[in-house]
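# quick one: sequence plus predicted model below, questions after.
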Amino acid sequence: MLIVADQEEANSTEYLGKVIEMFIHRTYPQCTSTVLNSGAGLFQHQANMVFIHKTLRPLINRQRAAIVEQYAEDWSSHFHLTFALSDGPHARMAQLTSGLRQYRPDLLHIWQLKGFWHHRQLRFGDIDVEPFVHKDSTPSEPVKNLSPEIKDLVNEIAQYKKEFEDSITTGESELSSFWLRKTGKPVLSVLMVSIVILSYH
């Protein structure tokens, strides 16, 4: 578990991060945690970007690499990222969302904090757990706006999909009876290889 704190004057969460770590160790002794101090600049986009790319992402990548080494091809079922956020400056939230998007994180959001403050009770109805696919708001891009290389990829995958569909509707096929017997969902992909030729004189 990663706990991110900061050292902003009069707004520091440094010691709160340590309290959270103590609570986790006492309540869930089997869990491990790491407190990261993002330093000053909580309200600045540039400072948050530097912290995320220089400190937070390298730590996540090291943990992911260790999981890959331990579980090999089954690693993805042992690695998952969830944001536990209640509130925060726009700069921190925006950079976390964009900087860690590649991990497809889910969001655990305590949206009804006042109920906890006033009644000291945390109800399940006060917590939203949103899967990444439900909150991902990246808009679709028209094919005409894509670069020539990406357009070629889109056309190739469209042609590949058509050929694939034609192949499973004509003649005998083992796809449904064997290869797709569990998921029933084929996954198609194309790969573009760019070759750079260097000339030395």
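Cool, the structure landed. Numbering: from 1, shown residues only.
# need phi/psi at T82.
Backbone torsions for T82, taken as degrees, to the nearest 10, come to phi -130, psi 130.
# any idea how many residues pack against it?
15 (other CB atoms under 10 Å). C-beta coordinates here come from the backbone N, C-alpha and C atoms, glycine included.
# how close does the residue nearest to it when sequence neighbours are not counted get to I195?
The shortest distance from T82 to any non-neighbouring residue, by CB to CB, 6 or more residues apart in numbering, is to D106 (4.6 Å). According to CB to CB, to the nearest Å, D106 stands 39 Å off from I195.
# neighbour count for the two, which is higher?
The residue with more neighbours, out of D106 and I195, is D106; 18 against 4, by other CB under 10 Å.
# that one contacts F132, doesn't it?
Yes: judged on CB atoms under 8 Å, D106 makes contact with F132 at a distance of 5.5 Å.
# pull out the buried positions in stretch 34-43.
Residues 37-38, 41-42 are the ones in stretch 34-43 that count as buried (16 or more other CB atoms under 10 Å).
# please, which helix or strand holds V133?
helix 132-135 (DSSP states H and E).
# buried ones in that helix?
F132.
# repeat for stretch 46-60
Applying 16+ other CB under 10 Å to stretch 46-60 flags 47-49, 51-52, 56, 60 as buried.
# of those, closest to I20?
Closest approach between the buried residues of stretch 46-60 and I20, by CB to CB: L56, at 16.5 Å.
# which residues touch the closest one?
Going by CB atoms under 8 Å, 6 or more residues apart in numbering, L56 touches 2, 4, 36, 99-100.
# so how far is L56 from R92?
Counting by CB to CB, the gap from R92 to L56 is 11 Å.
# distance of E73 relative to Y103?
19 Å.
# ok, A65 next?
A65 is 13 Å from Y103, by CB to CB.
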